[in-house]
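Engineer: With the input below, show me the fold.
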Amino acid sequence: MPGRHWSAGLVVGVALLLSAGQSQNTCGGQDGRPGEVGVAGRNGWPGPKGEKGEPAPVHAGQTAVDPSVLLRLKGERGSRGFPGETGLKGLSGEVGPEGSHGLSGPPGPSGAGGRPARQSPSRPSAFSVVRTLHSYPEYNRPIIFQTEAVNRPGDMDLSTGYFTCTVPGLYYFVFHAMSKVTMCLRLKSEALGVQDLGFCDYNTRRRAQVLSGGVVLQLTQNQRVWLEAFKDGQLDSHKADTQEKEIVFNGFLIV
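Structural biologist: Take a look at the predicted model:
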């Protein structure tokens, strides 16, 4: 029957397993050899980024990182970078407070010697006289004057028209003449010898005009200086003119 066949097969299988277990306990084989070291494998893929580290240590009572710790953590110096672009010019700052005075510097070197001081004249000599006559002055004769503004020490003789030097030195002489007709005047001096200094004003409008002239002379004692009129193309009517005229003659010692 089929049920019986299944039972018989099960018994046979168990018997075979038991016989196999008994044969292993009674028959031993040889031990195997240790395996050889294998070839090193390839580097693996980079691992994931680690978490953020702990803050650097700070001493008690401080808020900044300990510099000594930063120095220990300092890395290698990198290569110099390229110069940056020039920035915009900043605004001018405010003027700071005035500083204190510094120490006085040492005396400077002595300067070069100056020119000798000009000696003042021991005696002043100056005059300013005026001719107020309306008549035309005579030709080639010293002009005489009617009033004086200054005459020290009296070297100008108004009645003769001569200035006689009593204080030798360098003098300046100048005259101004106002007339409504042509007038020619010249400065004469024994210091000039035969040379005369003549000045003319040719008046064709018959209006008041001014004639001026001046000279610097080196005079010795008793040399004379005077002013006189001379003819140079004037009309006879000019010589006979009686309109208002004025002549001022000045002279003074320079040095």
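
Engineer: ok, which stretches of the stretch 101-250 of the chain are helices?
Structural biologist: Under the criterion DSSP state H, counting those that start in this stretch, the stretch 101-250 of the chain carries helices at the ranges 236-239.

Engineer: how close does Val216 get to Gly233?
Structural biologist: If you measure Val216 against Gly233 using CB to CB, to the nearest Å, the figure is 29 Å. C-beta here means a position set from N, CA and C on the backbone, and glycine is covered the same way.

Engineer: so where's the stretch 101-250 of the chain shaky on pLDDT?
Structural biologist: When the per-residue scores of the stretch 101-250 of the chain are filtered using pLDDT under 70, the ranges that remain are 113-122, 194-195.

Engineer: same thing but 80
Structural biologist: For the stretch 101-250 of the chain, residues meeting the criterion pLDDT under 80 lie at 108, 111-123, 193-196.

Engineer: which residues in it form strands?
Structural biologist: 126-131, 147-152, 156-157, 162-164, 169-179, 183-189, 197-201, 209-219, 224-229, 246-253 (DSSP state E, counting those that start in this stretch).

Engineer: could these be laid out in CSV, adding mean neighbour count and distance to Val37?
Structural biologist: Shown next, in CSV, are the strands of the stretch 101-250 of the chain (neighbours: other CB atoms under 10 Å; distance: least, CB to CB, whole Å):
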stretch, mean neighbour count, distance to Val37
strand 126-131, 20, 135
strand 147-152, 13, 138
strand 156-157, 22, 143
strand 162-164, 20, 141
strand 169-179, 19, 129
strand 183-189, 21, 138
strand 197-201, 15, 136
strand 209-219, 16, 128
strand 224-229, 22, 140
strand 246-253, 20, 132
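
Engineer: Rebuild the ones you listed as CSV, extending it with distance to Ser79.
Structural biologist: Listed next are these as CSV, based on distance: least, CB to CB, whole Å:
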stretch, distance to Ser79
strand 126-131, 90
strand 147-152, 93
strand 156-157, 98
strand 162-164, 97
strand 169-179, 84
strand 183-189, 93
strand 197-201, 91
strand 209-219, 84
strand 224-229, 95
strand 246-253, 88
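
Engineer: Relative to Trp45, which of those is closest?
Structural biologist: Of all the strands of the stretch 101-250 of the chain, it is strand 209-219 that lies closest to Trp45, at 113.5 Å by CB to CB.

Engineer: Who is Asn250 paired with across the strands?
Structural biologist: Here Asn250 shows beta-bridge partners Ser128, Val174, assigned using DSSP bridges.

Engineer: Who are the contact partners of it?
Structural biologist: The neighbourhood of Asn250, defined by CB atoms under 8 Å, 6 or more residues apart in numbering, consists of 127-129, 173-175.

Engineer: Distance check, Leu197 against Ala191.
Structural biologist: Going from Leu197 to Ala191 by CB to CB gives 11 Å.

Engineer: Show the contacting residues for Tyr162.
Structural biologist: For Tyr162, the set of contacting residues under the criterion of CB under 8 Å, 6+ apart consists of 142, 156, 224-226.
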